[in-house]
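J.: Return a 3D structure for these sequence lines:
(chains A and B)
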Amino acid sequence: DTGVSQDPRHKITKRGQNVTFRCDPISEHNRLYWYRQTLGQGPEFLTYFQNEAQLEKSRLLSDRFSAERPKGSFSTLEIQRTEQGDSAMYLCASSLGPAQETQYFGPGTRLLVL
Amino acid sequence: QKEVEQDPGPLSVPEGAIVSLNCTYSNSAFQYFMWYRQYSRKGPELLMYTYSSGNKEDGRFTAQVDKSSKYISLFIRDSQPSDSATYLCAMRDRGSTLGRLYFGRGTQLTVWP
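T.: Model (predicted):
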């Protein structure tokens, strides 16, 4: 296993369009996190899954954002009706769980909304 | 006021210098402290992980935590041009079983040959 993977790596879209990102965590990691990072800032927490259950959502995650992890493996993050303020790097991380909380990050998906 | 404060720099040092990076925080419940390194347009990579107060050393890197002052540091000895990156501090509170991390904004470091 080579780590957390994310797809696509880059996405350019027009304002108002919907976009979907995918994250594949390290196998056997049952915790999966989404963060958002804007230029010059550290990552900010968006949401968290333990297996397929979404257990926490940040207030940053507006109604236009939805995340799923249907089988407790990969996860998707969808943004509907994108706005220019959604332009950011979207990072996914995974961890093994209570026995090992270290979060390993993927390379991120860079979104640009025109 | 953000929960984690970190000077964004930029910090520029010659090869071989000792680099000192630091963060302050306001939430006394933070118990787990991490340093991540992030190269341009890449995801963060974990460098150091410490629990509570004290020092931890790993090769050229030393992490220090002073909970009484709510202050954490990362020292890099014999810095190399390959250390040029953004360094992010991150922390988590002891009460959270969910592992949500709170990050500083990162310090941009350049080590020139």
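J.: Which part of chain B gets nearest to chain A, residue-wise?
T.: Closest to chain A within chain B is residue B:103: 3.1 Å, counting by C-beta to the nearest C-beta. For every residue, glycine as well, the C-beta is placed using N, CA and C.
J.: Contacts only, for that residue.
T.: Shown in contact with residue B:103 (C-beta atoms under 8 Å, 6 or more residues apart in numbering or on different chains): A:42, A:43, A:44, B:4, B:36, B:88, B:89, B:90.
J.: How about the first one, nearest residue that isn't a chain neighbour?
T.: Residue nearest to residue A:42 in three dimensions, not counting chain neighbours: residue B:103, with 3.1 Å by C-beta to C-beta, 6 or more residues apart in numbering or on different chains.
J.: who's that neighbour bridged to?
T.: Taking DSSP bridges as the rule, residue B:103 bridges to residue B:90.
J.: What score does it have for pLDDT?
T.: Per-residue confidence (pLDDT) for residue B:103: 96.
J.: ok, now how distant is whatever residue of chain A ends up closest to chain B from residue B:61?
T.: Nearest residue of chain A to chain B, counting by C-beta to the nearest C-beta: residue A:42, 3.1 Å away. According to C-beta to C-beta, to the nearest Å, residue A:42 and residue B:61 sit 19 Å apart.
J.: Neighbour count: these two, which is higher?
T.: Using other C-beta atoms under 10 Å in any protein chain shown, the more surrounded residue of residue A:42 and residue B:61 is residue A:42, with 25 against 17.
J.: Verify the contact between the more buried one and residue B:104 for me.
T.: Yes: the criterion here is C-beta atoms under 8 Å, and residue A:42 meets it with residue B:104 at 5.3 Å.
J.: was I right about residue B:88 contacting residue B:104?
T.: Yes: taking C-beta under 8 Å as the definition, residue B:88 is a contact partner of residue B:104 at 6.0 Å.
J.: Now list whatever residues contact both of these two.
T.: Joint contacts of residue B:88 and residue B:104 (C-beta under 8 Å, 6+ apart) are A:42, B:6.
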